[in-house]
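Engineer: I'd like to go over a predicted model; first the sequence, then the structure.
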Amino acid sequence: MSKKSKMSFFESFDHTDKSAWATKRLNDDEFIIRSRGSLSGSCEHCGQEYRIKSATHKYCSKACSRQSMKDKRKARGFSEYSAGKLRFLVFNRDNFCCIYCGRATWNTDNLILHADHIHPASKGGADTIDNLVTSCSECNVAKGADLVYNVEEILAEVQKRNKQIGKLKEKLNDS
């Protein structure tokens, strides 16, 4: 087998030939025109005009892309907190104790805790503090993507605990 056949396309490409790069760019532009209709587009977030760089390019900047993703997550019921802050809030609210079996980090060696969805995310459950509880890994795996039989009890307990930690949520928002 020759050495050339083992090389990838990028390795075999002549990087010194500027006309080859121009031809590739022209082919990309032709593809964009065929798929999108033109080389200019309107940003889906702010409406500003921009030059389309690929067939899937939707935003004028990375900032618009990030803000649009945040807006979409908020509209779907996801938390305003980062994943780490939200997990800490849930663990702290539940006193680092599994809501299902009662085991805690201080009375069980090598206990692994999870932030578990009461209404499973796979079935439309939101990533909010009202839908998350502390669960040990064994209980979380056993529960899977199902609702527990006493979901009303757990939701009532979560609501009670959330009222108690309202001040903690405010402190974390300020930081």
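Structural biologist: Thanks, I have the structure now. Residues are numbered from 1 along each chain as shown.
Engineer: So, low pLDDT: which residues of this structure?
Structural biologist: Residues of the chain meeting the criterion pLDDT under 70: 1-27, 73-83, 167-175.
Engineer: Show me how it divides into domains.
Structural biologist: 17-75, 83-174 (automatic domain parsing).
Engineer: and among those domains, the most buried is which?
Structural biologist: domain 83-174 (a mean of 15; mean count of other Cβ atoms under 10 Å). Just so you know, the C-beta spots here come from the backbone N, C-alpha and C atoms, and that holds for glycine as well.
Engineer: Please state the offset of that one from the chain centre?
Structural biologist: The chain centroid and the centroid of domain 83-174 are separated by 19 Å under Cα atoms, centre = their mean, to the nearest Å.
Engineer: One more: stretch 48-59?
Structural biologist: Using Cα atoms, centre = their mean, the offset of stretch 48-59 from its chain centre is 23 Å.
Engineer: contacts for that stretch?
Structural biologist: With Cβ atoms under 8 Å, 6 or more residues apart in numbering as the test, stretch 48-59 has contacts from 28, 31-32, 35-36, 38-45, 60-61, 64-65, 68.
Engineer: So for that stretch, first residue to last residue, what's the gap.
Structural biologist: In stretch 48-59, first residue to last residue: 9 Å (Cα to Cα, to the nearest Å).
Engineer: before we move on, what about stretch 113-129?
Structural biologist: First-to-last residue span, stretch 113-129, Cα to Cα: 16 Å.
Engineer: Not counting its own residues, what contacts it?
Structural biologist: Outside stretch 113-129, the residues that reach it (Cβ under 8 Å, 6+ apart) are 76-79, 81, 83, 86-87, 89-91, 93, 96, 98, 105, 131-137, 139-140, 143, 145-148, 151, 154-155, 158, 162, 169.
Engineer: among these, which are in strands?
Structural biologist: L132, V133, T134, S135, C136 (DSSP state E).
Engineer: Could you dump those into JSON lines with distance to A121 added?
Structural biologist: Converted to JSON lines, the ones in strands among the contacts of stretch 113-129 look like this (distance: Cβ to Cβ, whole Å):
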{"residue": "L132", "distance to A121": "10"}
{"residue": "V133", "distance to A121": "13"}
{"residue": "T134", "distance to A121": "16"}
{"residue": "S135", "distance to A121": "14"}
{"residue": "C136", "distance to A121": "19"}
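Engineer: Widest-spaced pair of those?
Structural biologist: Pairwise distances across the ones in strands among the contacts of stretch 113-129 peak at 14.4 Å for L132 and C136 (criterion: Cβ to Cβ).
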